[in-house]
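Asker: show me the folded form of this:
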Amino acid sequence: MYRKRRSSKREIAFSFDSFLDLVANVIGIIIRLILVAWVGARTYQAAMENAAKEEPAQASAPSQLLPHDPLQRELDKARQELEQARASMLEKLKALDGVKDEKTKIRGELANLSASPWKRPPGARPRSKRISPCPSCGSAARR
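Answerer: Okay, the predicted model is just below:
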C-alpha cells in the first residue's frame with residue numbers, strides 16, 4: 001500500500017518584512033548618493049562662474065588684493081634661478097644634439113672609408129710620385 005504524503009501547510013520561513021526593509025534601505029542610500037552628486041555639481045558650477053568673474057579683476061590689480069609677502073624676494077630669486085637653469089639645460093641639450101649629429105656624420109664617413117679601403121675620400125688630393133734629390137748626398141729618393 002502506498003502512503004499518501006501529507007501536504008504540509010506550514011508557514012514560510014522567509015519574511016517579506018525584512019526583505020522590504022532591505023530594499024527600502026538600498027533605495028534610500030541610492031537617493032542620498034544622487035543628492036550629494038547633484039548638490040556637489042551645483043556648487044562646483046557656481047564656484048567656477050565666480051572664479052571666471054574674479055579672474056579679470058585679479059589680473060588688473062594683483063598687488064592690491066594680496067598683502068605683502070615677506071618671502072616674495074626669495075621666491076622671485078628662486079624663479080629666476082630656475083629660469084636660468086632651464087635656459088642652460090636647453091643650451092646643453094642643443095649642443096648635445098649637435099654633437100650627436102656630428103657623431104652620426106663621422107660614423108657614416110668612417111663606414112664609407114672602411115667599406116672601400118683603396119679609394120680616396122672625396123676632396124683628397126692624389127699623392128705625387130715625383131723623385132727629388134736628397135739634399136745631403138744628392139741621390140734620388142721617393143717621397
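Asker: now the helices for the protein?
Answerer: Counting by DSSP state H, the segments of the chain that form helices are 16-60, 62-65, 72-115.
Asker: can you add distance to Ser136, mean neighbour count and mean pLDDT and give those back as CSV?
Answerer: No exception for glycine: its C-beta is placed from N, CA and C like everyone else's. Conversion of the helices of the chain to CSV gives the following (distance: least, CB to CB, whole Å; neighbours: other CB atoms under 10 Å; pLDDT from 0 to 100):
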stretch, distance to Ser136, mean neighbour count, mean pLDDT
helix 16-60, 88, 10, 85
helix 62-65, 88, 8, 54
helix 72-115, 37, 10, 91
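Asker: same list, those helices, but as JSON lines with distance to Cys137 please.
Answerer: JSON lines is the format used below for the helices of the chain (distance: least, CB to CB, whole Å):
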{"stretch": "helix 16-60", "distance to Cys137": "92"}
{"stretch": "helix 62-65", "distance to Cys137": "91"}
{"stretch": "helix 72-115", "distance to Cys137": "38"}
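Asker: could you measure from Gln45 over to Phe16?
Answerer: Relative to Phe16, Gln45 is positioned 43 Å away (criterion: CB to CB, to the nearest Å).
Asker: do Lys94 as well
Answerer: Lys94 sits 78 Å away from Phe16, going by CB to CB.
Asker: go on, Leu113?
Answerer: Using CB to CB, one gets 94 Å for the distance from Leu113 to Phe16.
Asker: what's the answer for Ile27, then?
Answerer: Taking CB to CB as the criterion, Ile27 is separated from Phe16 by 16 Å.
Asker: what's next to stretch 74-83, contact-wise?
Answerer: Here stretch 74-83 makes contact (CB atoms under 8 Å, 6 or more residues apart in numbering) with Asp69.
Asker: please repeat the previous calculation with a cut-off of 10 Å.
Answerer: Defining contact as CB atoms under 10 Å, 6 or more residues apart in numbering, one finds that stretch 74-83 is touched by 69, 71.
Asker: and it, C-alpha only, in PDB?
Answerer: What follows is stretch 74-83 as a C-alpha-only set of coordinates in PDB (Å, rounded to 0.1, in the frame of the first residue of the first chain):
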ATOM      1  CA  GLU A  74      63.200  84.700  -2.200                       C
ATOM      2  CA  LEU A  75      60.500  83.300  -4.400                       C
ATOM      3  CA  ASP A  76      61.400  85.700  -7.200                       C
ATOM      4  CA  LYS A  77      65.100  84.800  -6.800                       C
ATOM      5  CA  ALA A  78      64.300  81.100  -6.900                       C
ATOM      6  CA  ARG A  79      62.100  81.600 -10.000                       C
ATOM      7  CA  GLN A  80      64.900  83.500 -11.700                       C
ATOM      8  CA  GLU A  81      67.400  80.700 -10.900                       C
ATOM      9  CA  LEU A  82      65.000  78.200 -12.200                       C
ATOM     10  CA  GLU A  83      64.700  80.100 -15.500                       C
END
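Asker: fine, thanks again, bye for now.
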